[in-house]
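[1] No letters, just coordinates:
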């Protein structure tokens, strides 16, 4: 029967299934490829000239080889390519009218970057690169080398040497690190990308909501690992993927150890009265989400979460506010972190902040606000100033003493947030109420 359905009808069936789950379309692969290519074209033609002007780099050289791709090149790969081919050399030259995007390769680099290398005319690929660079007469030549950002350090020494060996000395002196340009390329989101980011985050929230329900969890029988693998299977069934293995853990009364990133609470049977936490992110249309949410497993006699857990969640939300209310253009991550921690502590909270950039990569390049084991700030990415049109995983926790349990717990939260000309906003809202596993039906008569 499947073979008798046309490809078009197959897409309709796929849409119907996904629409019933999310009320929105998850595009089939062919449509995704078309959209990704359009977004890449827009970024190359409109965004990149602005960024190169901002960083005073006239010509940007990206060199990579198959299966050893520069992370920046991976964001430019044609959507029908899974890897670069042979040695791939991309060059972006800022001109008076915009951008000249070329490839010193045997093939066009998809539809957005044309090949200018005629191997029959010039057999040496390195000389072809040198000839093009000389024709552009740049003042500063950027290459992807970086001390602080792995994502901006994609130029292998072999390829660096290959380029430098063919450049005349006057051009060698113009070669500089393009670290900040690479970071700005990776961290900056276009308006069109933000529309997609909202949808992606909604899908992420919807999967978490279903995972933290009795559709998936049977209290007393289902384990945290069962939920983890349900999430993986759910994402795969939708034609999507996760960018890291999800985690699910519990905190409860009677347990002696505080969850402290040690994994001890990630392998347990979920019980009534548990506070459940997940860390989950998916990839779609080259963008990534990263979300942490909390749920409470109702006891048979309960219809809502205990007041002390509701109050604890409010403390987590308060730490979020102390962080994001201090987002200011040009302020570094370390400066913002220091202010947010001081203000949180002054309000009687016990914060831990480890917020990171989010976008084409999950742990992306850009302004970083602490790490869970570095609350005093971090070099490099913590010193990067905050720019507009950027997205962050607002990741943090508040330690809260629960008198009824006689112990501390951590309210661990993470939500995608956007910083733009109008300030900060969450990409698609944030959790302010606990999800409930097994809510009592309100339409049934009380006994």
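    Good, I have the coordinates. The model shown is predicted, which means the values in this text are computed figures rather than measured ones. Numbers count the residues shown, from 1 in each chain.
[2] Could you pull up the residues touching residue 102?
    Under the criterion of C-beta atoms under 8 Å, 6 or more residues apart in numbering, the neighbours of residue 102 are 90-91, 93, 113-116, 132. Quick note: C-beta positions are derived from backbone N, CA and C, even for glycine.
[3] in the helix or strand harbouring it, what's buried?
    Here residue 102, judged by DSSP states H and E, is contained in strand 98-103. Using 16 or more other C-beta atoms under 10 Å as the test for burial, strand 98-103 gives 99-103.
[4] Show me the helices in this protein, by range?
    7-22, 29-42, 48-55, 71-74, 125-136, 157-166, 169-172, 179-187, 191-211, 224-237, 307-324, 333-346 (DSSP state H).
[5] Go through these and pick out the most buried.
    Stretch with highest mean neighbour count among the helices of the chain: helix 179-187 (a mean of 24; mean count of other C-beta atoms under 10 Å).
[6] follow-up on the earlier one: can you check which of the helices of the chain gets nearest to residue 217?
    Nearest to residue 217 among these is helix 224-237 (6.5 Å), distances taken as C-beta to C-beta.
[7] gap between residue 294 and residue 271?
    Distance of residue 294 to residue 271, computed by C-beta to C-beta, to the nearest Å: 16 Å.
[8] So those two - more neighbours on which side?
    Counted by other C-beta atoms under 10 Å, residue 294 and residue 271 do not tie: residue 294 has more neighbours, with 23 against 15.
[9] my guess is the more buried one contacts residue 431, does it?
    Yes. Using C-beta atoms under 8 Å, residue 294 is in contact with residue 431, at 6.8 Å.
[10] sorry, back to before: to residue 276, which of the helices of the chain lies closest?
    Set against residue 276 and scored by C-beta to C-beta, the helices of the chain come closest in helix 224-237, at 7.7 Å.
[11] and the closest residue in space to residue 46 that isn't next to it in sequence, how many neighbours does it have?
    Closest residue to residue 46 apart from its sequence neighbours, by C-beta to C-beta, 6 or more residues apart in numbering: residue 190 at 7.7 Å. Number of residues near residue 190 (other C-beta under 10 Å) recorded here: 14.
[12] Thought residue 45 was touching residue 190, still the case?
    No. With contact defined as C-beta under 8 Å, residue 190 does not count as touching residue 45 (11.2 Å).
[13] Which pair of the contacts of residue 102 spans the longest distance?
    Longest distance between any two of those is 14.9 Å, between 93 and 115; criterion C-beta to C-beta.
[14] Domain parsing of the protein, as residue ranges.
    What automatic domain parsing lists as the domains of the chain is 29-185, 190-437.
[15] Mind putting those into CSV with mean pLDDT?
    What follows is the domains of the chain, written out as CSV (pLDDT from 0 to 100):
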stretch, mean pLDDT
domain 29-185, 94
domain 190-437, 94
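[16] thinking residue 63 is in contact with residue 84, fair?
    No. Applying C-beta under 8 Å, one finds residue 63 not in contact with residue 84, separated by 9.8 Å.
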